[in-house]
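>>> Sharing a model that was predicted from the sequence below.
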Amino acid sequence: MTRLIFLGPPGSGKGTQSQILAENLNIPHISTGEILRQAMKDQTSLGIKAQSYVNSGDLVPDQLVQDLVEERLNQPDVKSGWILDGFPRKVTQAVFLEKLLAEINQGGERAINLDAPDDVVVARLLDRGRKDDTEEVIRHRLEVYRSDTAPLIDYYRDRQNLLTVNGDRSQEEVTHDLRHIITS
Ligand code: AMP
């Protein structure tokens, strides 16, 4: 049973890596960013509420993402495990997740911090060219990462539940390491 939480700055490769691992393990890859982008595209009420935050690189309000994660983790396909990519992104969300997982009997999750230096992640994001990947928005997303998301590293370390992987390597090398970690 694999339940993984991916931490790391935008551009660290957590989206790519979690997708590869989820395919290998045949478990759902749950990316809150992707769910929000799809909702924005479909102009659902969630998408309409989220769009100004996503487009400016701010975090959407906890309640919106927490509701969507709760709904997603109650679907039947998560029984074989899951990979969460982009959630939690704040200590308040981590506290929520811990409580939710206890309630729905889905414990044993492990947090992986995919680490990469600022200059590397900025270069990767500029190269990716998503709508929220302009230089100004990237800079803001990194600030938000430092102030709101980076404290999760200590949060999971304090719970003896943090593995750090060097994301400043080729995709293949990182995948190799991650595979080794989750099977050991
Ligand atoms: P990502 O695809 O993970 O880079 O997320 C893209 C954007 O979606 C972020 O910049 C936020 O605006 C929003 N987002 C994704 N996940 C969360 C979350 N857990 N909490 C708040 N906002 C989120």
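Looks like it came in fine.
>>> got the residues of this structure near the ligand?
10, 32-33, 36, 53-54, 57-60, 65, 86-87, 89, 93, 141 (Cβ under 6 Å from any ligand atom). The way it works is simple: take the backbone N, C-alpha and C, and place the C-beta from them, glycine included.
>>> Pull out the buried residues from the residues you listed.
Using 16 or more other Cβ atoms under 10 Å as the burial test, the residues of the chain next to the ligand include 10, 32-33, 36, 54, 57, 59-60, 65, 86-87, 89, 93, 141 as buried.
>>> quick check, nearest of those to the ligand?
Nearest to the ligand among these: residue 33, at 1.9 Å, using Cβ to the nearest ligand atom.
>>> Show residues contacting whichever strand or helix holds that closest one.
Per DSSP states H and E: residue 33 is located in helix 32-42. Helix 32-42 is contacted from outside by 15, 46-48, 50-51, 54, 60, 65, 68-69, 72, 84-87, 89, using Cβ atoms under 8 Å, 6 or more residues apart in numbering.
>>> go on, stretch 163-178?
8, 12-14, 16-17, 20-21, 110-117, 120, 181.
>>> roughly how far apart are residue 172 and residue 132?
27 Å (Cβ to Cβ, to the nearest Å).
>>> Tell me which of the two has more neighbours.
Per other Cβ atoms under 10 Å, whichever of residue 172 and residue 132 has more neighbours is residue 132, with 18 against 9.
>>> Which of the three states applies to the more buried one?
coil (DSSP: H, G, I helix; E, B strand; the rest coil).
>>> In contact with it, which residues are there?
54, 55, 56, 57, 141.
>>> Which pLDDT value goes with it?
On pLDDT, residue 132 comes in at 87.
>>> For this protein, which element, helix or strand, carries the lowest mean pLDDT?
helix 118-128 (a mean of 91; mean pLDDT, DSSP states H and E).
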